[in-house]
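[1] Quick one, fold the following:
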Amino acid sequence: MPYPIASLPYPFRQRLRQLLSPTEVLRLQIATGSLNDNKHFHPIQLYHSVADMPYPICTLPYPFRRRLRQLLSPTELLSLQIATGTLKDNKHLLPIQTYHSVSELLIEKQNDDTVGLKWVKNEQIYEHNGSNLFTAIYLCLDNLNELDLSDPVFDYVWLGNIPKLVVLGCTITKHFLTKLSHKLVKVSDLSVYSCSDGQFFKDGEMFSLIFETFPLIEGCDFKYSLVPGWVQHMVEYGKTNLKELCIIDNKPWNLFSFTAAEMHQFVKAQSPEFVLRMMYISVSKVGIIESRVFPFFVPCFKLTSLPANRLSFSIELVIEGENQEQVQHFFALRD
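    Presented below is the predicted three-dimensional model:
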């Protein structure tokens, strides 16, 4: 049923269009239905779809437009060419900026403290040189800090569509993650590895910080990069829809810093196919370790035999003890 605009007082109806903002006019015109009897609402309020509207490059001063291509980095030029739409009337942005798709990219801190770019194709590693622009499915950042993320080498990497990111031995801070997330907006698979068993995050920083800055993540892999209370951090943040989380650590006060209720709440909030894979590396005997860690699961999870499929368990726990002896346990949510 259309909005009964005709029931409003006539003087108010006459002035209504002038009293409303453009968005309010559009909403009321839609709610009113036919405007045949409400001609004081004419003309129809139009709107533009931003997704379909090219960047208005032609509105820039002519001298600046002429020099624009020379002022931009390869990634900036490609972004502008995409945003501009057809280049028929913007030929000074030609030729089209092309890029090469490779299987893997590596950006690393080198021995001379500079930042270098390498790319992998057909299992061969190549040093980057020249002005070629690259993109990949997989990007590895090795031993970088926040300042390194502003290095000119990033001008030669098209980061917008890279889905898989590995952060290896980098100095992680809130500013590092925020700056990185602005460059990599579509990361869905993240691995964070520390080259040692040292503290990876600064004291007091929340483990959930990673998921706040990369909200599209569905799969994660962490090695020696936990902080105490990591499950509680995830519950308080409200992270949902993870499909897989893999963790390796050798510090029990980090790995098992949760209650059974917290773990239950975290697992229940994820995707139906979610699996948490935990590996604890210790020098103690396996039997001693089992007696100590099972109480963290048993109140809310039940032990299962070797699962027939991935949907029959929620947690896979691998314990590596004395002499590298390993045992594997599977836990499912209690009914």
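[2] From here on, just use CA atoms for contacts and neighbour counts.
    Will do.
[3] Please give me every residue in contact with the residue most central in space within the chain.
    Within the chain, one residue has its C-alpha closest to the average C-alpha position: by CA atoms, centre = their mean, that is Phe214, at 2.9 Å. If you count contacts by CA atoms under 8 Å, 6 or more residues apart in numbering, Phe214 has them with Ser181, Val185, Val187, Ser188.
[4] Could you give the number of residues near the closest residue in space to the last one that isn't next to it in sequence?
    To tie it back to what came earlier, the one meant is Ser188. Nearest in space to Ser188, with sequence neighbours left out and distances taken as CA to CA, 6 or more residues apart in numbering, is Ile217 at 4.0 Å. Per other CA atoms under 10 Å, the neighbour tally for Ile217 reads 23.
[5] residue contacts, Ile217?
    For Ile217, the contact set (CA under 8 Å, 6+ apart) comprises Val187, Ser188, Asp189, Leu190, Phe211, Leu242.
[6] Could you chop this protein up by domain?
    As assigned by automatic domain parsing, the chain contains the domains 5-41, 50-93, 188-335.
[7] Do you have the helices of this structure handy? List them.
    With DSSP state H applied, the chain shows helices at 10-19, 22-32, 62-71, 74-84, 174-183, 209-213, 230-237, 252-255, 260-268, 286-293, listed in chain order.
[8] which sections of the stretch 1-150 of the chain are below the confidence cut-off?
    Residues of the stretch 1-150 of the chain meeting the criterion pLDDT under 70: 1-8, 10-17, 27-42, 44-56, 89.
[9] Okay, strands next: where are they in it?
    100-109, 115-121, 124-127, 134-142 (DSSP state E, counting those that start in this stretch).
[10] and the last one, what does it pack onto?
    Helices and strands touching strand 134-142, by 3 or more CA pairs under 8 Å, 6 or more residues apart in numbering; DSSP states H and E, are strand 100-109, strand 164-168.
[11] winner for burial among the ones you listed?
    Scoring the helices and strands packed on strand 134-142 by mean neighbour count under mean count of other CA atoms under 10 Å gives strand 164-168 as the most buried, with a mean of 19.
[12] Give the partner strands of that one in its sheet and their orientations.
    Using DSSP bridges, the strands paired with strand 164-168 in its sheet are strand 134-142 (parallel), strand 189-193 (parallel).
[13] tell me the pLDDT at the residue nearest to Ser188?
    The score at Ile217 is 91. That number is its pLDDT.
[14] From Pro74, how far out is it?
    When CA to CA, to the nearest Å is the yardstick, Ile217 and Pro74 sit 27 Å from each other.
[15] pretty sure Arg277 is touching Leu255, no?
    No - the pair Arg277 and Leu255 fails to qualify as a contact (CA atoms under 8 Å) at a distance of 11.6 Å.
[16] The two: which has the busier surroundings?
    Between Arg277 and Leu255, counting by other CA under 10 Å, Leu255 is the more crowded of the two (23 against 17).
[17] Report the contact partners of the closest residue to that one other than its chain neighbours.
    Nearest non-adjacent residue to Leu255, counting by CA to CA, 6+ apart: Asp249, 6.4 Å away. Contacts for Asp249 (CA under 8 Å, 6+ apart) come out as Asp197, Lys223, Tyr224, Ser225, Leu226, Leu255, Met279, Tyr280, Ile281.
[18] Now the fourth one, what are its backbone angles?
    Dihedral pair for Ser225: phi -140, psi 30, per degrees, to the nearest 10.
[19] count of neighbours near it?
    Close neighbours of Ser225, defined as other CA under 10 Å, add up to 23.
[20] now the fifth one
    Under the neighbour criterion other CA under 10 Å, Leu226 is assigned a count of 25.
[21] same thing with Phe274?
    22.
[22] ok, back up a step: what would the strands paired with strand 164-168 look like in TSV with mean neighbour count and distance to Cys58?
    Output for the strands paired with strand 164-168, formatted as TSV (neighbours: other CA atoms under 10 Å; distance: least, CA to CA, whole Å):
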stretch	mean neighbour count	distance to Cys58
strand 134-142	20	29
strand 189-193	20	39
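[23] and Glu104, which of the helices of the chain is closest to it?
    Across the helices of the chain, the minimum distance to Glu104, taken as CA to CA, is reached by helix 174-183, at 16.9 Å.
[24] Not counting that closest one itself, show me its contacts.
    When contacts are taken as CA under 8 Å, 6+ apart, the neighbours of helix 174-183 outside the stretch itself are Asn145, Glu146, Leu149, Leu159, Gly160, Leu209, Ile210, Thr213, Phe214.
[25] filter those residues to the buried ones?
    With neighbours counted by 16 or more other CA atoms under 10 Å, the contacts of helix 174-183 contain buried members at Asn145, Glu146, Leu149, Leu159, Leu209, Ile210, Thr213, Phe214.
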